[in-house]
Every structure is written in C-alpha cells, then in structure tokens.
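Enquirer: just coords:
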C-alpha cells in the first residue's frame, strides 16, 4: 500500500482527518493480516481519543463492510427493514417484532448477536426453542426472508470479517467504549444484510452500555450519519433501559413472554416498545404513512393472530419445533424457583438493570466470556417495577434456577438491585426521543 | 498476575493513576511475552494521551531497568558520572567530553546509541576509528572504566530488554513522541550503567527532537524526577540545536573535529559545550566545587594534552588504532568534495539543522532504518553559521562524498537549509538553561 501504517497512526493520533483511501487500505491490511495487531490496536486507541469525523467514519465502515460479502436480497420484492438494539436486559423485542412487521408486508432480514456480560442476545433466546437453527447459509436466509418475510440468523464468517477481527482486538485493548468504533461495528454488519433501511433502538440507562442520554443520542446520530453516507435511511429511537424490559430475563423465559406479546398480551412496556419500533419500521418500508398509522397496524397484527402465525412459520422454517407457539411448556423450565423479597417497606425508586442481567449470568443463563455456554432454562421473572409500593416481605422477583444455592445468590443480587425508599420515584418514559 | 492487562489499559485510558505493582507487572508481562504486543501498543498509546505521573513514571522506569542487568561498577573507586544527549546534528561532544572528564578524576561509564534519521550516533562515530570495538562484555566495560577512567560502548542484550522491546513497538505504532516514554526509555538504560549521577544535554531547536524550549524543559525535568526517585542526581542543560554543533557532520569527519577539540582547538561552540557539560559532570562527581572551577579544570585538560592522552588510551583499550590521534588522515576521507554555495547575498538568519542531518543520510552517512549500514567517510563541513554575512557565490559547506551526484544532491539540501535574508539574525545562546 502507499500508506505507511505507522504514519497513519501518528496522523490520527495528532487529530488529523485521514483520507478515505488511507482508511480503506488500513482496514484491508488489518483484514488480510499485512498490518499486525499491534498497529491495529494503536490505531484503535488513537481513534478512541481523537474520534472519526463523518467522512472518515463512512470510509472506515465501508471498508469493514467490503471486507466480506454483502447479502443479495434483490430477489425479495418487499421492502427490507431491520431493527438493531444496542443491547439491554430483558430485550426480547426482536422476537415479537420481526413477525409482526413481516405480517404487515415489510420484510425483516435480521442478523443478530449473542449475549455477553449483563446483556442477553437474540440468538441465545431463539436457540431455547428446540431445534431452532440460527447458523443458516446466506442462500437459506434469503429464501426464508422471501418466503416467510423474516429470518433471524447469526453473523456468518463471511459478513464483515474486519469487524470480527477489530472487535476481538477492541475487547482486549480497552477500546470498546468508543462511539465511532461502536457505530462502525454495528453498521458494517447491518449494511451487509442487504437492507433498505434500519430502525435503531438506542438504549439508555442502568442496563445499557450508554448510561446517559447524551451518549445514547451521540451514538444514534453517528449511526444515522453512516447510514446516510451509505444511502440507507436510519430512524433512531432512544429508549429506556433503566429497568428490564417486560418481566422476563433469561432465554426460554423470554421466548415465553414474547409469545404472550404475539398473542396480544404481555407486559405493557414490552408490547408498547414492539409497537413503537414496528411503526417506525413500517414507515421506512412504506407500509405506513404516520407513526399512528404504523402503531395501529402493528397492534392489529399482534391482536388478530397474524403476528403469531408469522412467528410459527419462522420457527418452522428455521428448524424449530412450532408446537412451542401453542404449548410454551415445551420450552422447559429450570427445576427450582427461589423468591426474592423486597427486604424493606417503601417505594421502588430505581432498579439497577445491569445487576439483574448479572444475576442471570450467575445462574448460568448469560456469558462471562464469549466461549461460555448458556443455560436456556434459567432466568428471572420480575414482579416489581420502578414506582411500585412494596412491603418488606413482598416478593419482587422469582428466580428460576438449577439449584437453590445459585438461586439464592441471584435472588440476593436482584433484591440489592432494587433501591427501596420513601421519596417519589421518577418513572422514565419508554421512548425518550425519535430521531428520524 | 493479579492485574488484567485490558483493565489496566482501560484505567490508564480513562486517566487513572495506576499503582506501582500493576505497572511493574505490565512491564514484566511485556518483557516475558505473556502480554501480547497488541496490548502493549494500546497501553503505549493510552500513555501517549494520558501521560504518567511522577510515581507511575518511577515504577515504570524501575520495572524496565529491572528487566535486565544493572552493571556493577562498585570496583571502580572514582565517582561515576555519565552524560546523555537527546540527540542532534554534529553532536560529537561525547568524544572529547568523556576523556576530558576522566582526566579530571571522574569516571565516565557511557552506554551510547547509534544514529537514526537526521541524528548521528556516538557508536557510529567511534567505529569510524579503525578497529574500535563498541560491543564489549560488561566485564571488559567495568575493567576499562576502572583502568582508563572512561569507556564508551553500545547497549548490550542484557541492559533493559523491556526498553528494547517497547522502543521497537513505539517506533511502528506512532508512540515515540511522548515525554514520559522518552524519559523512561533513556533512564532505564542510564540507571543500568551503575552511575552515581548524570548530566543530561537536552537539545532544543531545528535539529532536535524537541522543537520548543517548553518541550525540552519538560523532558529535562521529567528525567530529573526519575533520577530523584532512583536516588541519582541529574543536572540538565537545555542547549541549542538550531544549527549543527561545530562544523563537522558525519562520522570520521566528526572524529577529526573531536581530536581538534582534544588538542585545545576545534570550533568555539563545540569546545564551549564540552567545557559546560564537563563542568557539571565534575560538580556532580565531586571533582569541582563551582561551574567556574569545573570549566577551568576541563579547559585545562583540553589545553595541556591530558584529555587527548586519555582519549588515546580509550581508543587503545577498545581495540582502535591509537595512531589516528596523531595522524587523523588514517581515518580516511571520501574521494569527492562538492561545494555548496550560499546562492544569494545576505545574512544567514536561520539554519534547518535537521535538513543538514538528512543531507548526511542522503550521502549514506546516516540511517533511514535501524538495519541500514553507515558509510564512515562521507560527511559535511559547514563553513557558515547563523549570523554570518555571505555573498551569493560564497561556499557555505563542503560535502565529502563517494560520487559527485550524491554530493550535489546533498549540497543542494544544505544550500536550501540556509535561510539567507536581509534582516538581523538572532544567534541563540549555546546554553539556554541549567537545571540542577
């Protein structure tokens, strides 16, 4: 290449805006191994401190995207819109959302991730359904998106390999928490899906990676900028993650709750978030004209059984047992239940959602490290939300576990994650902001 | 180790002051390879942005020092004081300085470096003397310091291996220009020499790494802080590098000029710098009470032949041909001489010393990369200094080269390095500041 990697690192370090071809050459070099990891990590740290401006970010993301295959969904006639969440606790929304949107005529090609640390992952939840396959070929994926209207798979080896390499490096070099690096990582994969548009669910609060609305908003607008540069419309919602979404936190347990939502029920916040995100996806896909129109259509699909029916077809197409849709008990359940008590009388003024997610990790339902296995049957059912009045001996959660010791440890974490006080509780809005 | 490298990187990245044992563990891990290069380079970039406070710097340097051997010079009865220069153009001062100081009763155990880029290196200059060996064993080094009073060698494999590893990494990851990393690199090697005290010649100006007095002063005081923490006195001189030191720039050609100085002659600035640095070394070694006293003693040693005699003994002890001392022609000389002309009439208002150094690299007398060989016989003799009045066709330098083409290219660089104008020239002082 005509650019010396050490020069590029130095120029970025000194705050220079690097030319697009230099950034592309750098990403190519990292992917093919001609630029060693130690130069890549120095560049990542320089980017952590100096950032990437919109032009640099578009070039960097494009190079990551081009490091692998872009899925060709041109055979799918319907508009194709995906949703991406920045990750949270109890965030099962993709499960009811994808079939509901598909039922309204907009195709959803969704490449999802696995859980890590306190956050769960869509793939782990889906795999709690007996037989469900998330590692499909690109051809199968395209075929199912075309025939069923939605398909949910894991990242393949051939999607954005540069991102896999850079992400692994960021994980061990203290360069994860960088908005341009997070944004380019997300978008390099999403742009590889062959989508027309994207709805971004940018979480903020105690269970999110972005703890403040400013950071969440910055990530949202950064991702929108990348989408704009790539000619894709992105609508971003900044939504609340100051307590778990819905009541269920775990894998099979979240599938059960998702089926409740798909039956027109489920916890109000989880249904409302499904409707809000679905409405924006319909607008982007031309399936609705306004937010109200979109919300009405998604709610109708949830209430009249079309979304549930679509979910059944997705499960079947991806090798899962479709009987779980009518008989959720087929998912199985951990053998022991331990109850977490409030411990004192008062009002729940705050919940540390991250700690709830960590309690599921303690149970074995989440991952400490990427290579860990996940127990699909353990989890936590929250019986209390911010603003609730509780007595000292009132159950605030039920912990589903393999043995009572682990259950008590998790229940203890849950109880301590609840701040019970005398003062008023500020219940945050579900949707902070919609950035179209 | 009990510290996770990724955690330490993140904490440094976020501006935290790291505990001494954590930094020591990190340096040990880099040295033994248990911490991979990509984590080391991320840490170096984080340090570039966040710095190291005095306590961290002392721990980091101490760990680098302890990664190898500390030379034991306890058998040498005399006080042991070294000089370190941050590097410049035409900086041959170690050659007259070490024997002059030794002649005044203070031993000089000097571990030097090679030239790179526009700066020359003491080892390359010494090796222009036929037979001169700079790769001695630690035992030989100690013996010669004891018997002759001074010995000048290259870094051995066993001195601060952590520094060698970190320096190689900094070189390719854009993390060279960091004052704490420069300071710790210098001091990890100097503290390994078994010295009692150090005089630091911190260069500032167009030919120095530090282009401003502020940066030079910051480096000087940072190094003094490390010395203080290690219980070694360090006197720092901030000296001028806005034009080459003396007239000769090259290898054999600088040895010749050094012999002139050792005979009581030589260019006034080169002699004055030798005297100024030597006086401070004598003060630190107890061989002089005041700057005036020290300067008088060094000047006397240069004028009465004792310094020259000491130089002859060093050359002999290190395997060199001592006859060069009386017959410098034995050093040899490049076959072709090309003259550089001023090009216009006026006053020399500034000289780009770095460009003069680069002209020597063009001739083959310096290194573009560490692995390059150096031609000992090429070089440049400057016939003009800042403040001189020149005519357009007046020679300003003589270029000694292997062939006329290379010589003309170098002469052209030299001519362009001189700013000839009508205005007054500000001749900078030789010594900007002495920080004791």
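Expert: Great, that's in hand. Please read all numbers here as calculations on a predicted model, not as lab measurements. Residues are numbered from 1 along each chain as shown, chains lettered A, B, ... in the order given.
Enquirer: from here on, contacts and neighbour counts on C-alpha atoms
Expert: Noted.
Enquirer: from chain B, how far out is the residue nearest to residue A:59 when sequence neighbours are not counted?
Expert: Closest residue to residue A:59 apart from its sequence neighbours, by Cα to Cα, 6 or more residues apart in numbering or on different chains: residue A:20 at 5.2 Å. According to Cα to the nearest Cα, to the nearest Å, residue A:20 and chain B sit 20 Å apart.
Enquirer: buried residues in the helix or strand residue A:21 falls within, which are they?
Expert: According to DSSP states H and E, residue A:21 maps onto helix A:20-32. Residues of helix A:20-32 classed as buried: A:20, A:22, A:23, A:24, A:25, A:26, A:27, A:28, A:29, A:30, A:31 (neighbour count, 16 or more other Cα atoms under 10 Å in any protein chain shown).
Enquirer: contacting residues around the following helix or strand past it?
Expert: Next helix or strand after helix A:20-32 toward the C-terminus (DSSP H and E): helix A:37-50. By Cα atoms under 8 Å, 6 or more residues apart in numbering or on different chains, the list of residues contacting helix A:37-50 from outside reads A:5-6, A:9, A:12-15, A:30, A:166, A:169-170, A:173-175, A:177-178, A:181, B:37-42, B:44-46, B:49, B:169, B:172-174.
Enquirer: neighbours around the residue in chain A positioned nearest to chain B, how many?
Expert: Proximity to chain B, evaluated over chain A using Cα to the nearest Cα, is greatest for residue A:38 at 3.8 Å. When counting by other Cα atoms under 10 Å in any protein chain shown, one arrives at 22 neighbours for residue A:38.
Enquirer: please name the nearest non-neighbouring residue to the residue nearest the centre of chain A.
Expert: The residue lying closest to the centre of chain A (Cα atoms, centre = their mean) is residue A:85, at 3.5 Å. In space, and not counting its chain neighbours, residue A:85 is closest to residue A:201: 4.5 Å by Cα to Cα, 6+ apart.
Enquirer: which helices and strands does the one helix or strand the one you found maps to pack with?
Expert: Using DSSP H and E, residue A:201 sits in strand A:197-204. With contacts taken as 3 or more Cα pairs under 8 Å, 6 or more residues apart in numbering or on different chains; DSSP states H and E, strand A:197-204 sits against strand A:81-85, helix A:213-229, strand A:233-240, helix A:268-285.
Enquirer: which parts of the stretch 1-150 of chain A sit against chain B?
Expert: Contact residues (Cα under 8 Å from any Cα of the partner chain) of the stretch 1-150 of chain A with chain B: A:5-7, A:9-10, A:13, A:37-46, A:49.
Enquirer: now the buried members of those residues.
Expert: A:5-6, A:9-10, A:13, A:37-46, A:49.
Enquirer: ends of stretch A:295-314, how far apart?
Expert: 22 Å (Cα to Cα, to the nearest Å).
Enquirer: how far away from the center of its chain is it?
Expert: Here stretch A:295-314 shows a centroid-to-chain-centroid distance of 21 Å under the convention Cα atoms, centre = their mean, to the nearest Å.
Enquirer: quick one: the strands in the stretch 301-436 of chain A?
Expert: Secondary structure of the stretch 301-436 of chain A by DSSP state E, counting those that start in this stretch: the strands cover A:336-341, A:346-351, A:379-382, A:389-390, A:395-401, A:418-421, A:431-435.
Enquirer: what residues of the third one count as buried?
Expert: Pointing back at strand A:379-382 there. Counting neighbours by 16+ other Cα under 10 Å, strand A:379-382 gives A:379, A:380, A:381, A:382 as buried.
Enquirer: quick one: list the elements packing against the helix or strand harbouring residue A:100.
Expert: Assessed by DSSP H and E, residue A:100 sits inside helix A:94-103. Counting contacts by 3+ Cα pairs under 8 Å, 6+ apart, helix A:94-103 packs against strand A:108-112, helix A:122-126, strand A:150-154, helix A:252-262, helix A:268-285, helix A:291-303, helix A:306-317.
Enquirer: what's the following helix or strand after the second one?
Expert: Helices and strands here follow DSSP H and E; after helix A:122-126, the next one along the chain is helix A:138-148.
Enquirer: identify the residues contacting that following helix?
Expert: Contacts for helix A:138-148 (Cα under 8 Å, 6+ apart): A:71-73, A:75-77, A:102, A:107-109, A:150-151, A:153, A:310, A:313-314, A:317.
Enquirer: for the record, mean pLDDT for that helix?
Expert: For helix A:138-148, the mean pLDDT works out to 94.
Enquirer: between strand A:150-154 and that helix, find me the angle.
Expert: 150 degrees (axes from the mean of the first three to the mean of the last three Cα atoms, to 10 degrees).
Enquirer: which parts of helix A:138-148 are buried?
Expert: Those would be A:138, A:141, A:142, A:143, A:144, A:145, A:146, A:148, for helix A:138-148 by 16+ other Cα under 10 Å.
Enquirer: tell me which of these is nearest to residue B:431?
Expert: residue A:138 (70.7 Å; Cα to Cα).
Enquirer: what residues does the stretch 151-300 of chain A put near chain B?
Expert: So the stretch 151-300 of chain A meets chain B at A:169, A:171, A:172, A:173, A:174, A:175 (Cα under 8 Å from any Cα).
Enquirer: next up, the contacts around the nearest residue to the fifth one once chain neighbours are set aside.
Expert: Computed as Cα to Cα, 6+ apart, the closest residue to residue A:174 that is not its neighbour in sequence is residue B:10, at 4.6 Å. The neighbourhood of residue B:10, defined by Cα under 8 Å, 6+ apart, consists of A:173, A:174, A:175.
Enquirer: list just the nearest of the residues you listed to residue B:196.
Expert: Closest to residue B:196, out of all of the contacts of residue B:10 and judged by Cα to Cα, is residue A:173, at 38.9 Å.
Enquirer: how much space between that closest one and residue A:39?
Expert: Counting by Cα to Cα - residue A:173 and residue A:39 are separated by 12 Å.
Enquirer: tell me how many other residues surround residue A:323.
Expert: Neighbour number of residue A:323 under other Cα under 10 Å is 16.
Enquirer: go on, residue A:372?
Expert: The number of residues near residue A:372, taken as other Cα under 10 Å, comes to 11.
Enquirer: many thanks, we can stop here.
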